[in-house]
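Enquirer: Predicted model and sequence follow; I will ask about them next.
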Amino acid sequence: MATPFKFLLLEPCKCIKEMQKVVPLGPEYTGPYKSDKFNSAMKTENIKPDHYYLLFLFTMLIYALAWYLAATRGLNCTLEGESGMTAREFLRTGDWTVNHMNGRPDYDKPSFFYWLIALASLFTGSVSELAVRIPSLLSSACIMAMFRLYRRDQVSKNLRFALPAVAAFIFISSPKVFWMTQVGRIDMTLNMLCFATVSSFVLYMRETLPTPRKTLFYWGFFVASGVAVLTKGPVGVLISWPPVFLFLILKKNWRELRRFFLGPGIILFMLITLPWYLNVCISTDWEFFRHFFLEESVSRFGNLFKGIEFKQFNHSARGIYLVYFLTGFFPWSLILPVAAWLFLRKNIQESWQKRFKPTMTHRVMFLYTGWIFLFFSLCGVKRSDYILPLYPAATLVTADFLIRLFESEKNIYRQIFEKISVALSWILAIVCIVASALSVALISETVQHAVSPLLPPRLGGHLEWFGNHYLSVIFTTLLAFFTVSIYWLVFRRSKYSSSDAWSKFMRLACMITATWMIAAGAVLPFIYYCKDMRAWCEKIDHIIGSSPVYTYHFWDEECAFYLDRPQIAQIPLNILKELLTRNHRRVFILVREKNLRQIDQAGIRIPWMLKPKEKAWRRLYLLSNEQE
């Protein structure tokens with residue numbers, strides 16, 4: 001073999017060829033060039049620069065699809081319309097202290113998230129669909145940016161940027177994360193703040209010397225947790241502080257325990273949280289305290305402590321969160337249990353002890369993940385959105401495990417992953433081909449008529465969407481196949497081609513990106529179109545004009561947002577009968593189909609009624625006491 005000087009300086013072309021022949025032995029390599037100066041340059045890592053570029057491209061493509069869906073679809077998801085109406089009331093009234101919705105105070109949540117929507121509306125021009133979802137979109141981007149702070153956790157210095165690249169892709173490609181990124185709810189913002197709190201603690205503990213970075217992370221811990229409390233109340237610290245507290249107790253680090261929970265940071269935390277809460281409680285005569293803290297917070301744990309239920313909730317099975325996570329984090333949820341088993345196992349093989357030795361980051365993230373599962377499992381009310389804060393921690397552990405696994409020697413776990421990744425790649429390839437072929441075929445009216453009877457009426461009655469949006473369908477289909485060609489034509493046939501685990505992971509990442517393109521370009525927009533109520537609301541808004549409008553026995557936040565009335569009151573059956581039978585100024589009443597049958601059974605005559613389309617997703621009827 002050539003000398004180090006000749007190897008590195010005199011023959012650069014031959015150097016590249018020689019490097020590709022070197023077996024990736026990792027940091028335990030003790031061959032002829034065991035010096036750190038030459039070892040890092042001469043040993044070849046399995047990951048190549050093309051991997052970084054492609055993963056960044058795939059991540060940005062999926063994230064751009066989330067922006068596209070957020071800007072184009074209506075507010076047809078739970079709580080989105082309410083968030084938009086609350087932010088709009090802030091801008092109209094100028095009262096930024098107490099939430100208002102539908103002409104009345106709303107004490108369900110603190111105000112910080114709605115402040116963000118109102119601030120976003122200054123850039124979009126109004127409280128639009130995109131303005132409602134911008135906080136979630138930016139929160140997801142902040143989480144992916146925070147992964148870069150963990151780059152020094154890698155075994156090899158050459159892999160310092162592998163973890164941010166892999167973690168960002170795993171995070172945004174998870175079904176639940178992609179969904180919540182383009183939904184205007186409070187959960188993604190809370191997720192970002194809680195992860196920032198835990199990350200500040202981890203990065204603080206990693207700084208061994210009292211540097212400005214260490215001080216910044218210390219104060220960042222309390223700033224992030226304080227803003228989390230302003231976002232969703234005490235849950236902002238109940239899910240981020242206990243893992244930190246427990247970690248310090250297990251490590252018997254009493255000095256840092258006192259510094260964190262009895263130090264000056266607590267004063268900053270109180271200065272951030274207490275002024276707004278005291279102000280809103282006093283201004284509402286403590287009605288906010290009773291409704292938010294007692295009814296909305298404490299009552300959710302009424303299944304554990306009898307007698308503290310100030311409000312009744314429907315309780316769910318405790319094991320449902322495992323199902324939510326396995327589906328929401330798929331396919332990476334298949335890898336996380338193996339990662340946890342290897343990182344936490346003590347009697348691991350000696351050759352793997354250094355490669356899979358758990359770091360402080362792993363321990364904190366495992367405590368954080370386990371605490372979230374336990375905390376929300378104890379809560380009686382269970383929704384898949386509640387466990388969203390565990391996704392960044394699970395992503396970080398999974399990404400770090402995959403990188404360490406790929407850079408280790410050949411073993412049974414790598415072989416299993418390679419086989420699973422190849423199988424998933426082919427399954428996703430088949431799904432992409434079938435979905436794209438069907439989407440393009442549905443552009444034809446002949447195919448629409450043939451397929452319509454095979455689908456449920458709510459879907460089969462709206463297949464004209466493919467013909468009206470044929471350009472977007474064709475464009476996203478071509479873009480998906482172009483994404484696949486990036487791997488197969490540019491990467492697969494290049495000098496970086498190999499049959500190792502990294503190559504198979506990149507193939508899987510490529511197919512996941514193509515699948516999301518087909519889903520976000522054709523499948524999901526079609527489903528959102530079927531559920532979209534904007535055209536119906538625009539029609540009835542033109543008919544209603546300045547007349548008063550009511551709802552009978554239900555509340556539709558999407559219609560209330562688009563009708564944009566100061567107040568839409570809910571009325572009981574006796575008031576509805578009086579409004580429809582008494583001769584006075586014209587009024588309008590919105591009812592659902594099942595409520596319409598109750599009106600017929602009560603024998604109430606309806607002078608005028610506007611019916612929705614026969615195959616509408618949600619059938620809302622507009623009633624009036626006078627003919628048009």
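Expert: Right, received. Where do you want to start?

Enquirer: what's the helix or strand residue 466 falls within in contact with?
Expert: Here residue 466, judged by DSSP states H and E, is contained in helix 464-468. Residues from elsewhere that reach helix 464-468, judged by Cβ atoms under 8 Å, 6 or more residues apart in numbering: 439, 442, 443, 444, 445, 448, 473, 522, 525, 526, 529, 530. For every residue, glycine as well, the C-beta is placed using N, CA and C.

Enquirer: Most neighbours among those residues, please name it.
Expert: residue 522 (26 neighbours; other Cβ atoms under 10 Å).

Enquirer: is it true that that residue touches residue 441?
Expert: No: counting by Cβ atoms under 8 Å, residue 522 does not reach residue 441; the two are 11.2 Å apart.

Enquirer: who touches residue 440 in this structure?
Expert: Per Cβ under 8 Å, 6+ apart, neighbours of residue 440: 473, 474, 477.

Enquirer: ok, how many other residues are close to residue 93?
Expert: Counted with other Cβ under 10 Å, residue 93 comes out at 10.

Enquirer: doesn't residue 99 make contact with it?
Expert: No: contact criterion Cβ under 8 Å: residue 93 and residue 99 do not qualify, at 10.8 Å.

Enquirer: So what touches stretch 72-88?
Expert: 99-102, 106, 113-115, 117-118, 121, 127, 129, 131-133, 183-186, 525, 528, 531-534, 557-558, 560-562, 564.

Enquirer: before we move on, back to that, Serialize the contacts of residue 440 to a markdown table and add fields for secondary structure, pLDDT and distance to residue 427.
Expert: Shown next, in a markdown table, are the contacts of residue 440 (DSSP: H, G, I helix; E, B strand; the rest coil; pLDDT from 0 to 100; distance: Cβ to Cβ, whole Å):
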| residue | secondary structure | pLDDT | distance to residue 427 |
| --- | --- | --- | --- |
| 473 | helix | 86 | 23 |
| 474 | helix | 88 | 24 |
| 477 | helix | 84 | 19 |
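
Enquirer: Tell me where the stretch 451-600 of the chain has helices.
Expert: 457-460, 464-468, 470-485, 501-518, 524-531, 534-544, 557-563, 573-581, 593-601 (DSSP state H, counting those that start in this stretch).

Enquirer: do the same with the stretch 1-150 of the chain
Expert: Using DSSP H, counting those that start in this stretch, helices in the stretch 1-150 of the chain cover 4-5, 12-21, 36-42, 49-72, 80-93, 112-124, 129-146.

Enquirer: Dump these to JSON lines, plus mean pLDDT and distance to residue 506.
Expert: Output for those, formatted as JSON lines (pLDDT from 0 to 100; distance: least, Cβ to Cβ, whole Å):
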{"stretch": "helix 4-5", "mean pLDDT": "36", "distance to residue 506": "32"}
{"stretch": "helix 12-21", "mean pLDDT": "36", "distance to residue 506": "17"}
{"stretch": "helix 36-42", "mean pLDDT": "33", "distance to residue 506": "23"}
{"stretch": "helix 49-72", "mean pLDDT": "87", "distance to residue 506": "6"}
{"stretch": "helix 80-93", "mean pLDDT": "89", "distance to residue 506": "36"}
{"stretch": "helix 112-124", "mean pLDDT": "92", "distance to residue 506": "35"}
{"stretch": "helix 129-146", "mean pLDDT": "95", "distance to residue 506": "18"}
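
Enquirer: which stretch among these comes nearest residue 582?
Expert: Evaluated with Cβ to Cβ, the helices of the stretch 1-150 of the chain place helix 80-93 nearest to residue 582, the distance being 30.0 Å.

Enquirer: just how off-centre is the closest one within its chain?
Expert: 22 Å (Cα atoms, centre = their mean, to the nearest Å).

Enquirer: List the buried residues for it?
Expert: By neighbour count on 16 or more other Cβ atoms under 10 Å, the buried set for helix 80-93 is 80, 81, 82, 83, 84, 85, 86, 87, 88, 89, 90.

Enquirer: what do you get for stretch 418-430?
Expert: In stretch 418-430, counting by 16+ other Cβ under 10 Å, buried: 418, 421, 424, 425, 428, 429.

Enquirer: From those residues, which one has the minimum pLDDT?
Expert: In terms of pLDDT, the lowest of those is residue 418, showing 82.

Enquirer: Just the element for residue 391, please.
Expert: helix 390-406.

Enquirer: What helices and strands are in contact with that helix?
Expert: helix 162-173, helix 187-206, helix 320-328, helix 336-344, helix 360-378, helix 412-441, helix 501-518 (3 or more Cβ pairs under 8 Å, 6 or more residues apart in numbering; DSSP states H and E).

Enquirer: Could you pull out the buried residues of the third one?
Expert: Taking 16+ other Cβ under 10 Å as the neighbour-count basis, helix 320-328 is seen to contain the buried residues 321, 324, 325, 328.

Enquirer: Against residue 521, how distant is residue 515?
Expert: 11 Å (Cβ to Cβ, to the nearest Å).

Enquirer: where do the contact lists of the two overlap?
Expert: Joint contacts of residue 515 and residue 521 (Cβ under 8 Å, 6+ apart) are residue 480.

Enquirer: And those two? Which one has more around it.
Expert: The residue with more neighbours, out of residue 515 and residue 521, is residue 521; 26 against 21, by other Cβ under 10 Å.

Enquirer: Now that that one has come up, it's in contact with residue 475, right?
Expert: Yes: here residue 521 reaches residue 475: they are 7.3 Å apart, a contact under Cβ under 8 Å.

Enquirer: so which strand or helix has the residue positioned nearest the centre of the chain?
Expert: With distances taken as Cα atoms, centre = their mean, residue 177 lies nearest the centre of the chain, 2.9 Å away. Here residue 177, judged by DSSP H and E, is contained in helix 175-181.
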